[in-house]
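>>> here is a sequence together with a model predicted from it:
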Amino acid sequence: MLECQRAAFDLGDGVHYLNCAYMAPMSRSVERAGLEGLARKRRPYQLQARHFFEESEHLRERFARVLGLADAERVALVPSVSYGMAIVARNTSLLPSQKVVVAHEQFPSNVYAWRRLCARHSARLEVVRAPIDGAGRAREWNARLVECIDASTALVALPHVHWADGTRFDLAAIAARARAVGAALVVDGTQSIGALPFDMAEIRPDALVCAGYKWLMGPYALGYAYLGPRFEHGEPLEDNWIARASSEDFRGLVQYRDGYQPGARRFDMGERSNLQSMPMALAALEQVLAWGPERIQRYCSELAREIVARAAALGFVAEDEAWRGAHLFGLRAPRGVEVGRVSAALQTREVHVSVRGDAIRVSPHVYNDSSDVDALVEALREGCARS
Ligand SMILES: Cc1ncc(COP(=O)(O)O)c(C=O)c1O
């Protein structure tokens, strides 16, 4: 069992940060790596051609390890989820009779690309709604998703947990159904990879894209895309020089090449070799690997159980444990309680969470402990009393 890791961060006294789903705080080791990386720009004459490649390769390898992959050949470095999804969309064609399946109210970066793709091919985007709140909501939502995937489905685009309230999607069952009908499965792993184990061998997504600044603990504007065999000879979004064959040879760059670097490197973003963010992301992934997504999830489970139980005593409702993340879950306010009042009480006590609709989104990590739970519960109690 992990111990509380607050000392690895600089969160400020009296601050109760339960909002990693918004943005991970920068750990001390990530900050150090960033400062050292930034300082390299002082003396560009010390940079060698290999510096433009080595860190990218290390980063690819670390992300592959987070996913439990044997090698990093199918990992591309991307700036955002929208970019990764755009790669997938660029390399997917639909028939007018086909459809793309998504869940209701997904994060926009995993929706707009499919709206455009469907519009371009006169195909249909099917948005699967959750049933109204109540017992069994997540189970029923998952059943609806599986049912919706049929022979006309070309692509299914989902997260592992819903960004707004942590509802868990049974990707193993959904993937099996998608495979059975020949549909591609694309996963937005932003709100799960790093904190919730993901079984690549069982789920076998065709693509998986993650922003790196939340549960992967890294800097903003650097993310990761796993692009499976479907994208083997795919077309990148841009024609940057470093993704082309033999780009290591700086003297031969104007011997323009049609070929690419091997594997998914062809999809890498331009100027990926960022002196500052690369070392930060490396330090971040090393930290995630040292803690391990399984242990992180287990650590969060202890906190989540206590939060959910004590909030339930005040009338707040959370999804069943099996159908939500422990690192990300929603607390739905009881009838008659104004979320705005709860929000104000949370702010007064420096309890940082997100409010999404009528749900309070709580997303703990290894820097949280029981003092954060106490502060959150007290703020909820006060919010109820003020309503
Ligand atoms: C589920 C999910 N996907 C993606 C993102 C970020 O998308 P992008 O990297 O395109 O800005 C977020 C940000 O909150 C998110 O919650």
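That came through fine.

>>> which stretches in the stretch 201-350 of the chain count as strands?
Using DSSP state E, counting those that start in this stretch, the strands of the stretch 201-350 of the chain run over residues 207-211, 223-227, 329-332.

>>> and Glu31, how close does it get to the ligand?
Distance, Glu31 to the ligand, by Cβ to the nearest ligand atom, to the nearest Å: 22 Å. From N, CA and C alone the C-beta is placed, and that goes for glycine too.

>>> please identify the helix or strand for that residue.
For Glu31, the host element (DSSP states H and E) is helix 28-39.

>>> chain center to that helix, what's the gap?
Between the centre of helix 28-39 and the centre of its chain there are 23 Å (Cα atoms, centre = their mean, to the nearest Å).

>>> report how many residues lie close to whichever residue of the stretch 201-350 of the chain sits closest to the ligand.
Proximity of the stretch 201-350 of the chain to the ligand (Cβ to the nearest ligand atom) peaks at Ala211, 4.0 Å away. Other residues near Ala211 number 28, with proximity taken as other Cβ atoms under 10 Å.

>>> all further residue positions should be reported with the first residue as 13.
In the new numbering, first residue 13, that becomes Ala223.

>>> pretty sure it contacts Pro91?
No - counting by Cβ atoms under 8 Å, Ala223 sits too far from Pro91 to count as a contact (9.2 Å).

>>> now the common contact residues for these two.
Contact criterion Cβ atoms under 8 Å, 6 or more residues apart in numbering; residues shared by Ala223 and Pro91: Gly235.

>>> tell me the mean pLDDT over the helix holding Glu43?
Averaged across helix 40-51, pLDDT comes to 98.

>>> counting contacts, what elements does the following helix or strand past it pack onto?
Moving toward the C-terminus from helix 40-51, the next helix or strand (DSSP H and E) is helix 63-79. Packed against helix 63-79 by the contact rule (3 or more Cβ pairs under 8 Å, 6 or more residues apart in numbering; DSSP states H and E) you find strand 87-90, helix 289-303.

>>> just to revisit the earlier point, export the strands of the stretch 213-362 of the chain to a markdown table and tack on mean pLDDT?
Formatted as a markdown table, the strands of the stretch 213-362 of the chain follow (pLDDT from 0 to 100):
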| stretch | mean pLDDT |
| --- | --- |
| strand 219-223 | 98 |
| strand 235-239 | 99 |
| strand 341-344 | 97 |
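
>>> how about those strands, which one is nearest Arg278?
strand 235-239 (9.2 Å; Cβ to Cβ).

>>> how far off helix 63-79 does the closest one point, in degrees?
Here the directions of strand 235-239 and helix 63-79 differ by 70 degrees (axes from the mean of the first three to the mean of the last three Cα atoms, to 10 degrees).

>>> ok, strand 235-239: who's next to it in the sheet?
When pairing is defined by DSSP bridges, strand 235-239 lines up against strand 87-90 (antiparallel), strand 219-223 (antiparallel).

>>> redo those as JSON lines? Include distance to Glu250.
Shown next, in JSON lines, are the strands paired with strand 235-239 (distance: least, Cβ to Cβ, whole Å):
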{"stretch": "strand 87-90", "distance to Glu250": "11"}
{"stretch": "strand 219-223", "distance to Glu250": "16"}
